[in-house]
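Novice: Provided below for reference: sequence and predicted model.
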Amino acid sequence: MQQRSIGDVRVSAIGLGGMPMSVEGRPDEDRSVATIHAALDAGVTLIDTADAYHLGADEVGHDETGHNESLIARALRTWGGDTSGILVATKGGHLRTQDGTWILDGRPEHLKRAARESAARLGVEAIGLYQHHRPDPEVPYAETIGALAELLDEGVIRLAGISNADLDQIRLANEVLGGRLAAVQNQFSPAFRSSLPELDLCAALGIAFLPWSPLGGMRHAGELAARHAAFDTVARRHGVSPQQVCLAWELALSPTVVPIPGASRPETIRDSLGALDLTLTAEELASLNAAG
């Protein structure tokens, strides 16, 4: 399987986003585990999660924080293969309350505590890639990123990343981390291209760019062909799904791009991985770049 780099770690060029397995509309746990196993069987070595990927509370009111992390840990424990080469990326600093409300907490003390709690749920001594989930306007960004630097220095995390960051925040984070910023995870898809400058900056700096919702999000991934005719046209020409074309297009944008499509069915992640075998012509890429 094609590989790309996140820091000094080589991972599959397409990862698995775990969010759909733990939020509204989630499948039963056995199907989620089967989906993760299918990805691992196919050669996926990057799995993305966050402590906030959960419902507000379960049916009896228990806090669900870290549901997706615990689910991934279970799937890794029960998979029959070698998990030593699997990079699990998680995030902290964006919280979901008991009633499902999303809030931010970029305080260094929170991020450091959240990282240790995530490591415990994942069952690891050090988190492979830990990312600040979303900037908190109440906390100076340099202070938040300083917590990531401390976590790196203390060995709690092996790689540091940021998410939902703009150009200035990427530069600042890399400076605070002493050039150790390994990844930026921003929204990017055919329908959401405003992060293209951040993608280009990551390419210039050699930082991995992980598009979240690379197919347009959980609600719209299945509508990609209807929403973006150019992707449907290319897909029909190659006899593949528009989703494969979309991921192949994103991979062609830069060698630092590592899409992380979400999946909740084994067949979905298998189809996404077909993008790795799809070669688009220069003319096709130009048409997709120009498509709105």
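Specialist: Perfect, I can see it now.

Novice: strands along the stretch 151-292 of the chain, start to end?
Specialist: According to DSSP state E, counting those that start in this stretch, the stretch 151-292 of the chain carries its strands in the segments 157-163, 181-185, 208-209.

Novice: as TSV, the ones you listed with mean pLDDT, distance to T279 and mean neighbour count would be great.
Specialist: To be clear about C-beta, it is placed using only N, CA and C from the backbone, and glycine gets the same treatment. What follows is the strands of the stretch 151-292 of the chain, written out as TSV (pLDDT from 0 to 100; distance: least, Cβ to Cβ, whole Å; neighbours: other Cβ atoms under 10 Å):
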stretch	mean pLDDT	distance to T279	mean neighbour count
strand 157-163	98	29	24
strand 181-185	98	26	27
strand 208-209	98	21	27
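
Novice: which one of those lies nearest to I127?
Specialist: Smallest distance to I127 across the strands of the stretch 151-292 of the chain (Cβ to Cβ): 4.5 Å, for strand 157-163.

Novice: make JSON lines out of the strands of the stretch 151-292 of the chain and add distance to L288.
Specialist: Rendered in JSON lines, the data for those read as follows (distance: least, Cβ to Cβ, whole Å):
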{"stretch": "strand 157-163", "distance to L288": "25"}
{"stretch": "strand 181-185", "distance to L288": "22"}
{"stretch": "strand 208-209", "distance to L288": "17"}
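
Novice: any stretches of the stretch 151-292 of the chain with poor pLDDT?
Specialist: Flagging of the stretch 151-292 of the chain using pLDDT under 70 yields the residue ranges 218, 220-221, 292.

Novice: next: the stretch 1-150 of the chain.
Specialist: For the stretch 1-150 of the chain, residues meeting the criterion pLDDT under 70 lie at 57-62.

Novice: break down it into its helices, ranges please.
Specialist: Listed in chain order, the helices of the stretch 1-150 of the chain (DSSP state H, counting those that start in this stretch) span 29-41, 67-78, 108-122, 141-154.

Novice: tell me which of the ones you listed lies nearest to A225.
Specialist: Counting by Cβ to Cβ, A225 lies closest to helix 29-41 out of those; the figure is 22.6 Å.

Novice: ok, residues contacting the closest one?
Specialist: Surrounding helix 29-41, the residues in contact under the criterion Cβ atoms under 8 Å, 6 or more residues apart in numbering are 16, 18, 21-22, 26-27, 47, 71-72, 74-76, 78-79, 81, 83, 86, 263-270, 273.

Novice: which of those are buried, as a ChimeraX select command?
Specialist: Those of these that count as buried under 16 or more other Cβ atoms under 10 Å are selected in ChimeraX with:
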select :16,18,21,22,26,47,71,72,75,76,79,86,263,264,265,266,268,269,273
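
Novice: wait, G93 sits on H132?
Specialist: Yes: when contacts are counted by Cβ atoms under 8 Å, G93 is listed as touching H132 (5.0 Å).

Novice: anything in contact with each of the two?
Specialist: Between them, G93 and H132 have G106, L111, T144 as joint contacts when contacts are counted by Cβ under 8 Å, 6+ apart.

Novice: just list the residues touching the second one, thanks.
Specialist: Right, L111. G92, G93, D105, H132, T144, A147, L148, L151 are the contacts of L111 under Cβ under 8 Å, 6+ apart.

Novice: let's see 10 Å
Specialist: Under the criterion of Cβ atoms under 10 Å, 6 or more residues apart in numbering, the neighbours of L111 are 91-93, 105, 130, 132-133, 136, 139, 143-148, 150-151.

Novice: also A149?
Specialist: Contacts of A149 by Cβ under 10 Å, 6+ apart are P108, A142, A160, A173, V176, L177, G178, R180.

Novice: one step back: which of the shared contacts of G93 and H132 lies closest to M1?
Specialist: The shortest distance between M1 and any of these, using Cβ to Cβ, involves L111 and amounts to 32.5 Å.

Novice: now do that closest one against I127, distance only.
Specialist: Taking Cβ to Cβ, to the nearest Å as the measure, L111 falls 12 Å from I127.

Novice: do T144 as well
Specialist: 17 Å.

Novice: just S264 next, same as before
Specialist: S264 is 24 Å from I127, where distance means Cβ to Cβ.
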